[in-house]
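>>> Sequence and computational prediction follow.
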Amino acid sequence: MTKHNTIAIIGGGVIGLSIGWQLLRRGKKVDIFERGEAGKSASWVSAGMLAPVSEAGFEEMDLLQLNLASIEQFPRFADELKEDTGIDIDFRTEGTMMIAVDRDQSEHLRRLYEFREKIELPVEWLTGSEAREREPELSPAIKSAVWIPNDYQVDNRKLIHALIEAVKKLNGSLYEQTPVESIETSGKKLTGISANGEHRHYSEVVIANGAWARSIKGLPEDIRPPVRPVKGQILTLRMTDDFTLRKVIRSPEAYFAPKKDGRLIIGATVEEKGFETYPTAGGIKDILESAWEAVPGIYDLPLEEINVGLRPASRDNAPIISDTPLAGLYIATGHYRHGILLTPVTAYEIADLIINGKPSELIQPFSLLRFK
Ligand code: GLY
């Protein structure tokens, strides 16, 4: 089968789908290949937090800039999705609170607060009682908190649903249950992919299959993206009439993302367990114990789901949003803890890169070549 004008995208999670959708919007044709069901891997097992400020790392200034750029693009991205599908992805701007439940945690939180203040991120220090005034479900044991007005959230499952609809509406092809085994080359030229045992010709291919990116065969070692799976266990409770949480709450060991439909997502473990995808008693116990300490009212809430996802983490934990030495081959993976947040910037930037042939300054620090 020859499809020289069509771009192949390997991976039907939020990253692959959104790149496909943005290419369709720019008049390109796309075929998206997903090994399972679209959006049902890491994208599904997410809390949908958009947290550039709460998750800012001491040595990660380039990543912070990328994260901030992406959250700024979210309203436009959500509007475009609504325009194409009519689906609202619940982009919520109630903000985020980081909390400390004991003295040690409070000292640590102070350091996180001072770092953010120093680099001029919008943060506000709160006492325990000020924090409880803003979120009455918080435990009376809360010692202190940091208010982060500009860290938001979306409903990741609505986002997935909207992206699948958008790809279909714009006549993209989505092949589910279709694993891509290898990238095919001839000499130094990309010739296509092999999917479900069948060779297909493409001159442009995007690798966007998260933690599985490294297992695609046929790539020279220096082009294989150095990503590994990082297991996250997460659970979903159902909020009742007498329990209301509106903001995202983050304690050092658990976070809470309340959704408009009444779900309360609580996460997450961070475990180096390869491709293991079963939940463990210990993992769920740890999350629930820390969560209950911060918000005791969760005790009586119905437990609806326990899920496990595999975050794709690169060697330096920053994403790879990049062209490669193999002309026509692009990589978008390694989004680690920021997959949902980085969806807009990755989609816009990879689509522009394919069309303009040149990476923007914003994504240059996230080139594959940094691992040479
Ligand atoms: N960003 C939240 C997580 O990876 O668990």
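Arrived safely. Note that the structure is a prediction, hence the values are computed from the model and not measured. Residues are numbered from 1 along each chain as shown.
>>> Identify the bridge partners of the closest residue to the ligand within the stretch 1-150 of the chain.
Going by CB to the nearest ligand atom, the ligand is nearest to Met49 of the stretch 1-150 of the chain, at 5.6 Å. Placement of C-beta: from N, CA and C, glycine included. Counting by DSSP bridges, Met49 is bridged to Gln153.
>>> how much space between it and Lys143?
To Lys143, Met49 is 23 Å away according to CB to CB, to the nearest Å.
>>> contacting residues for the residue of the stretch 1-150 of the chain closest to the ligand?
Thr96, Asp151, Gln153, Val248, Tyr255, Ala257, Ile340, Leu341 (CB atoms under 8 Å, 6 or more residues apart in numbering).
>>> Now for the first one, how many residues are close by?
Neighbourhood size, Thr96 [other CB atoms under 10 Å]: 25.
>>> Residue numbers of this structure in contact with the ligand?
Neighbours of the ligand within the chain, by CB under 6 Å from any ligand atom: Met49, Gly232, Gly267, Ala268, Arg311, Arg337.
>>> could you flag which of these are buried?
Buried by 16 or more other CB atoms under 10 Å: Met49, Gly232, Gly267, Ala268, Arg311, Arg337, out of the residues of the chain next to the ligand.
>>> In strands, which of those residues appear?
Counted as lying in strands by DSSP state E, out of these, are Met49, Gly232, Gly267, Arg311.
>>> which non-adjacent residue is nearest the third one?
What it means is Gly267. Nearest residue to Gly267, sequence neighbours excluded (CB to CB, 6 or more residues apart in numbering): Ile234, at 3.8 Å.
>>> Verify the stated contact: the one you found with Val45.
Yes. Here Ile234 lies in contact with Val45, judged by CB atoms under 8 Å, at a distance of 5.7 Å.
>>> For those two, list the residues in contact with both.
Common neighbours of Ile234 and Val45, counting by CB under 8 Å, 6+ apart, are Asn307, Val308, Gly309.
>>> Which one (most neighbours) among those residues?
Gly309 (23 neighbours).
>>> Can you classify that one by secondary structure?
strand (DSSP: H, G, I helix; E, B strand; the rest coil).
>>> Confirm Glu114 sits in a strand?
No. Judged by three-state DSSP, Glu114 forms no part of a strand; its state is helix.
>>> ok, it - how many residues close by?
By the measure other CB under 10 Å, the count of residues near Glu114 is 12.
>>> Also Gly297?
Neighbour tally, Gly297, other CB under 10 Å: 17.
>>> how much space between it and Ala141?
Distance, Gly297 to Ala141, using CB to CB: 13 Å.
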